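> using only what follows, build the 3D model:
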Amino acid sequence: MTAGSRGDVAPFTGLGAELVAAGHDVTLVTHGLFASLTDGSGVRFHALPVDPKAESHSDRGRGLHRSGTGMGKLLRVMALAKSVAGQLTPGLVEAAKDSDVLVLSGAIAPLGCAIADGLGLPSVGVNLQPVHPTGEFAPPMAGLRSLSRTGNRLAGHAVNAVIERIFTDAARDVRAQLGLPPSSLAATRRARERGRWPVLHGFSPHIVPRPADWRPGLDVVGYWWPHETGRLPAELEDFLAAGPAPVYVGLGSATVPDPGRLSEQIVRALRTAGLRGVIQRGWAGLTATGDDILTIGDVPHSRLFPRMAAVVHHAGAGTTAAGLRAGVPTVPVPVQFDETFWAARLTALGTAPRALPLPRLTAARLADALVRATSDPSYRERAGTLAARLAAEDAVGPVEAALRRALDA
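The predicted structure follows:
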């Protein structure tokens, strides 16, 4: 069970496909917009209402750009999510009634745990970001720089309290519907923590080591790669064959205040750097034309990124993983939420020359970063080393083991 943007869904298509191959019956429960992502995987799909793309382009969604701080954006998006959380509940309950164990992403865990309790089902958490408070870094979803160890932990608890508020009403209603006594989400979370509820994190310890102050039961197991099929479009193949390796530019599910202006800056930067470009429209609606530029729709990153000179992206968790898997240099352009966290990891690991937060992006700064990323071989060397380490990880085995333990218990 998951909710949110494509990046909150795609990794679970690959995890589900691997579990199907291991003999399990798996259903992905999420927004109907993403039904096609399971095609050919053997994973069943249970559609939930709410179109996250439409919500991101609504007045409320575009209002995120009026917040100048990470916490301000977080509060705005939480208010938006709270307004639609109740719409998800009937579909979640319906799917859960046909299940033996619930696998809950961090995006839906507070509500999913209430459903699991009401139906007497075991559950396991699967997070794509480090959500639990730690003194080692500030909570990624807040987009904050690291504070003191105490400050980081307090900020982490505050962010989790804000996230729980999304589901307060929906969880209260579902508990009543399923015959559970009233209880706050904070109380049920504390009970899960005392019981060492298992949560597996779908990123590599080579990228974010497991915090030393996390409790037992919180494990970092490696990336779950999206299930991706099909070839690149013929037009894209022709463009790749017509010249040197281009630069990919895309912002995934992020939106921007002025897509036309940003597209112009990207083109100017590419041409200043003397590089060809493949620009993905994404939810931002980026577009450009020219003999040296090609605009594309959605394509499998696993097939495109290894053929790039560098990738410029919003540093969402999934696209960050795809760039690392490909072993190519990166220029992160974080827009909001945990993207600042992942961008900082890329620069610290030496696969990116610098991060360019969207409000400070200019054609000149992007061109300079692209020249450094593509001309200094150290960025590609470090990216290649990390890619080899990621390829050796088994991130599915620990999930299957956790599921079996939950069922046995």
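> dump the residue contacts of Asp376.
Pro353 (Cβ atoms under 8 Å, 6 or more residues apart in numbering). In short, each C-beta sits where N, CA and C put it, glycine included.
> got the domain boundaries for this protein?
The chain is divided into the following domains under automatic domain parsing: 6-223+393-408, 234-391.
> could I get those domains in TSV, plus columns for mean pLDDT?
Shown next, in TSV, are the domains of the chain (pLDDT from 0 to 100):
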stretch	mean pLDDT
domain 6-223+393-408	89
domain 234-391	95
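> what is the burial count for Ala35?
Using other Cβ atoms under 10 Å, the number of residues around Ala35 comes to 13.
> hang on, it packs against Leu48?
No. Ala35 is beyond contact range of Leu48, at 10.4 Å (criterion: Cβ atoms under 8 Å).
> now the helices for the stretch 251-400 of the chain?
Assigned by DSSP state H, counting those that start in this stretch, the helices in the stretch 251-400 of the chain fall at 259-273, 301-304, 317-326, 339-348, 363-375, 377-391, 397-408.
> alpha carbons of the shortest one, as PDB, please.
Going back to what we said before, that points to helix 301-304. Provided in PDB are the C-alpha atoms of helix 301-304 (Å, rounded to 0.1, in the frame of the first residue of the first chain):
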ATOM      1  CA  HIS A 301      15.500   5.400 -16.700                       C
ATOM      2  CA  SER A 302      17.300   2.100 -16.400                       C
ATOM      3  CA  ARG A 303      17.600   2.000 -20.200                       C
ATOM      4  CA  LEU A 304      18.300   5.700 -20.800                       C
END
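> return the distance of that helix from the chain's centre.
With Cα atoms, centre = their mean, to the nearest Å as the basis, helix 301-304 stands 17 Å off its chain's centre.
> other SSEs contacting that helix?
Secondary-structure packing of helix 301-304 (3 or more Cβ pairs under 8 Å, 6 or more residues apart in numbering; DSSP states H and E): helix 317-326.
> so the helix it packs on versus helix 339-348, what angle?
Angle, helix 317-326 to helix 339-348, by axes from the mean of the first three to the mean of the last three Cα atoms, to 10 degrees: 20 degrees.
> quick check: closest non-adjacent residue to Glu228.
Pro300 (3.8 Å; Cβ to Cβ, 6 or more residues apart in numbering).
> any idea how far the residue nearest to Pro133 when sequence neighbours are not counted lies from Leu111?
Residue nearest to Pro133 in three dimensions, not counting chain neighbours: Gly156, with 2.8 Å by Cβ to Cβ, 6+ apart. Shown here: Gly156 relative to Leu111, a distance of 20 Å by Cβ to Cβ, to the nearest Å.
> hang on, the residue nearest to Pro133 packs against Pro139?
Yes. Under the criterion of Cβ under 8 Å, Gly156 makes contact with Pro139 at 4.4 Å.
> what about the strands in this structure?
In chain order, the chain shows strands spanning 27-31, 44-48, 102-105, 123-127, 199-201, 218-220, 247-250, 277-280, 293-296, 310-313, 330-332, with DSSP state E as the criterion.
> of those, which is nearest Ala234?
Nearest of those to Ala234, taken as Cβ to Cβ: strand 293-296 at 11.8 Å.
> ok, residues contacting that closest one?
233, 235-236, 239, 246, 267, 270, 276-281, 286-289.
> how about stretch 111-119?
Residues outside stretch 111-119 that contact it (Cβ under 8 Å, 6+ apart): 1, 85, 88-89, 92-93, 96-97, 102, 104, 121-123, 167, 170-171, 174-175, 177-180, 185, 188, 192, 197.
> where's the residue nearest to Glu228 relative to Leu178, distance?
Distance, Pro300 to Leu178, using Cβ to Cβ: 40 Å.
> and what of Gly260?
From Gly260 to Leu178 the distance is 49 Å (Cβ to Cβ).
> looking at the two, which has the bigger crowd around it?
Neighbours were counted for Gly260 and for Leu178 using other Cβ under 10 Å; Leu178 has more, 16 against 12.
> relative to Pro122, how far out is the more buried one?
Look at Leu178 and Pro122: by Cβ to Cβ, they are 16 Å apart.
> residues in contact with the residue nearest to Glu228?
Shown in contact with Pro300 (Cβ under 8 Å, 6+ apart): 226, 228-230, 232.
> could you dump those to TSV with neighbour count and distance to Ser5?
Listed next are the contacts of Pro300 as TSV, based on neighbours: other Cβ atoms under 10 Å; distance: Cβ to Cβ, whole Å:
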residue	neighbour count	distance to Ser5
Pro226	23	13
Glu228	17	17
Thr229	9	21
Gly230	10	21
Leu232	16	23
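> and for the nearest residue to Ala22 once chain neighbours are set aside, the neighbour number?
Once flanking residues are discounted, Ala22 sits nearest to Glu400: 5.9 Å by Cβ to Cβ, 6+ apart. If you count neighbours by other Cβ under 10 Å, Glu400 ends up with 16.
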